[in-house]
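[1] sequence unknown, structure follows:
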Ligand code: PPE
């Protein structure tokens with residue numbers, strides 16, 4: 001997954017060339033994980049580019065920052081407008097968007113408050129995160145030996161850089177064990193999420209996904225899929241799940257900005273349902289791709305036109 005560059009990066013209100021977007025070694029966040037970020041996608045539609053649920057993502061960034069006592073000097077609206085300007089300047093039709101707010105260079109020590117707050121946004125082209133084949137055929141995921149934290153330590157609802165050390169540990173373990181992605185249980189032993197995705201199970205035509213209180217990121221794709229599923233008349237509930245709920249499901253899938261809607265065909269070398277992308281997963285995946293491409297007028301309000 002090589003990083004493809006673009007021309008400009010937005011930093012603290014200005015567009016600067018990609019190569020100049022560097023930072024000092026004594027940047028506070030590099031040492032103490034004092035950063036929050038977002039992952040957002042901009043899609044090509046028949047009538048120009050559109051960013052999927054941009055303002056909601058920026059609102060989550062501002063909320064994550066406030067949880068770690070960082071008051072950002074920009075509103076969600078200002079950051080959304082800056083993102084659109086940046087995409088236009090980079091002349092990209094579709095791309096991934098990575099806003100980052102962090103404690104910068106200026107003081108060391110665990111206390112983050114004396115360090116300045118820097119805000120940046122980067123955009124670059126990024127293809128299917130878990131692979132094109134996974135989108136169609138479904139992937140093999142494995143339950144991790146690493147646990148996801150619950151609300152009283154580096155909480156999952158805060159999209160902090162610090163949390164992603166845990167995701168990284170789970171992800172490399174999964175790859176080393178021959179899986180494409182990890183599924184983390186939380187400290188109580190119920191299902192939490194993937195290293196960078198929320199998770200859904202389908203059984204007897206009804207969908208279930210773990211509640212936010214089980215230590216997950218409150219995913220925007222998760223919310224979108226819940227709304228789409230209800231729109232189609234499926235029963236959707238938030239419920240704690242144990243690992244056998246995964247093994248015994250008719251269908252399981254991941255959701256996330258990077259991962260979009262990715263079916264899971266096998267877990268821990270056990271076949272899930274038919275061992276292929278299931279029909280309800282396929283219906284929701286198709287609907288999701290139609291919505292982001294601007295083909296569903298009813299959900300046009302989810303698109304932020306560039
Ligand atoms: N859980 C985790 C742990 C997570 O990182 C993500 C997004 C989600 C759930 C889904 O959230 P949402 O994107 O709002 O539907 N992970 C981002 C980072 C992935 C990366 O590799 O970097 C993403 O998908 O952009």
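    Thanks, I have the structure now. Since this is a predicted model, take the numbers as computed values, not measurements.
[2] Run through the strands of the stretch 1-150 of the chain in chain order.
    All strands of the stretch 1-150 of the chain, identified by DSSP state E, counting those that start in this stretch, fall at 8-11, 14-17, 35-37, 40-45, 48-52, 95-103, 117-124, 139-148.
[3] Those strands: which one's closest to residue 26?
    strand 95-103 (11.0 Å; CB to CB). Yep, even glycine has a C-beta here, placed from its N, CA and C like the rest.
[4] So which elements touch the closest one?
    If you count contacts as 3 or more CB pairs under 8 Å, 6 or more residues apart in numbering; DSSP states H and E, strand 95-103 packs onto helix 28-32, strand 35-37, strand 40-45, helix 54-67, helix 76-90, strand 117-124.
[5] Mind listing what's buried along it?
    95-103 (16 or more other CB atoms under 10 Å).
[6] can I get these in TSV with distance to the ligand?
    Compiled in TSV, those are given as follows (distance: CB to the nearest ligand atom, whole Å):
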residue	distance to the ligand
95	12
96	7
97	9
98	8
99	11
100	11
101	15
102	15
103	20
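[7] Just name the closest of these to residue 65, please.
    Ranked by distance to residue 65 (CB to CB), the buried residues of strand 95-103 are led by residue 101 at 5.1 Å.
[8] What is the helix or strand of the chain with the lowest mean pLDDT packed up against?
    One helix or strand of the chain scores below all others by mean pLDDT, DSSP states H and E: helix 132-137, with a mean of 92. Contacts defined by 3+ CB pairs under 8 Å, 6+ apart place helix 132-137 against strand 260-267.
[9] residues making contact with the strand it packs on?
    41, 128-130, 134-135, 137-143, 183, 197, 199, 221, 225, 246-247, 251-255, 271-272, 275-278, 281-282, 284-285, 288-289 (CB atoms under 8 Å, 6 or more residues apart in numbering).
[10] Within reach of the ligand, which of those residues are there?
    197, 221, 255 (CB under 6 Å from any ligand atom).
[11] List phi and psi for residue 298.
    Per-residue torsions, residue 298: phi -60, psi -30 (degrees, to the nearest 10).
[12] What count of nearby residues applies to it?
    8 (other CB atoms under 10 Å).
[13] now do residue 72
    Residues near residue 72, counting by other CB under 10 Å, number 19.
[14] Relative to residue 120, how far out is it?
    Taking CB to CB, to the nearest Å as the measure, residue 72 falls 12 Å from residue 120.
[15] on that earlier part again, please list only the buried members of the contacts of strand 260-267.
    41, 129-130, 134-135, 138-143, 183, 197, 199, 221, 225, 246, 251-255, 272, 276-278, 281-282, 284-285, 288.
[16] residues contacting the residue of the stretch 1-150 of the chain at minimum distance from the ligand?
    For the stretch 1-150 of the chain, the residue closest to the ligand is residue 39, as judged by CB to the nearest ligand atom, at 2.0 Å. Residue 39 makes contact with 57, 96-98, 196, 256-258, according to CB under 8 Å, 6+ apart.
[17] which one of the ones next to the ligand among the contacts of strand 260-267 is nearest the ligand?
    The closest of these, once distances to the ligand are taken by CB to the nearest ligand atom, is residue 221, at 3.1 Å.
[18] if I pick the closest one, what's in contact with it?
    So residue 221 contacts 198, 255-257, 259-261, 288 (CB under 8 Å, 6+ apart).
[19] Against residue 212, how distant is the closest residue to residue 26 other than its chain neighbours?
    Nearest residue to residue 26, sequence neighbours excluded (CB to CB, 6 or more residues apart in numbering): residue 105, at 5.6 Å. Look at residue 105 and residue 212: by CB to CB, they are 34 Å apart.
[20] Could you do residue 255 as well?
    As defined by CB to CB, residue 255 lies at a distance of 14 Å from residue 212.
[21] The residue of the stretch 51-200 of the chain found nearest the ligand: what secondary structure?
    Per CB to the nearest ligand atom, residue 196 is where the stretch 51-200 of the chain lies closest to the ligand, at 3.6 Å. Judged by DSSP: H, G, I helix; E, B strand; the rest coil, the three-state class of residue 196 is coil.
[22] re earlier: can I get the ones next to the ligand among the contacts of strand 260-267 in TSV with pLDDT?
    Output for these, formatted as TSV (pLDDT from 0 to 100):
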residue	pLDDT
197	98
221	98
255	98
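[23] Looking at those residues, spot the one nearest residue 52.
    Among those, and counting by CB to CB, the member closest to residue 52 is residue 221, at 8.5 Å.
[24] how about whichever strand or helix holds that closest one: buried residues?
    According to DSSP states H and E, residue 221 maps onto helix 220-231. Of all the residues in helix 220-231, those buried under the rule 16+ other CB under 10 Å are 220-222, 224-226, 228-229.
[25] which stretches of the stretch 1-150 of the chain have low pLDDT?
    Low-confidence segments of the stretch 1-150 of the chain (pLDDT under 70): 1-3.
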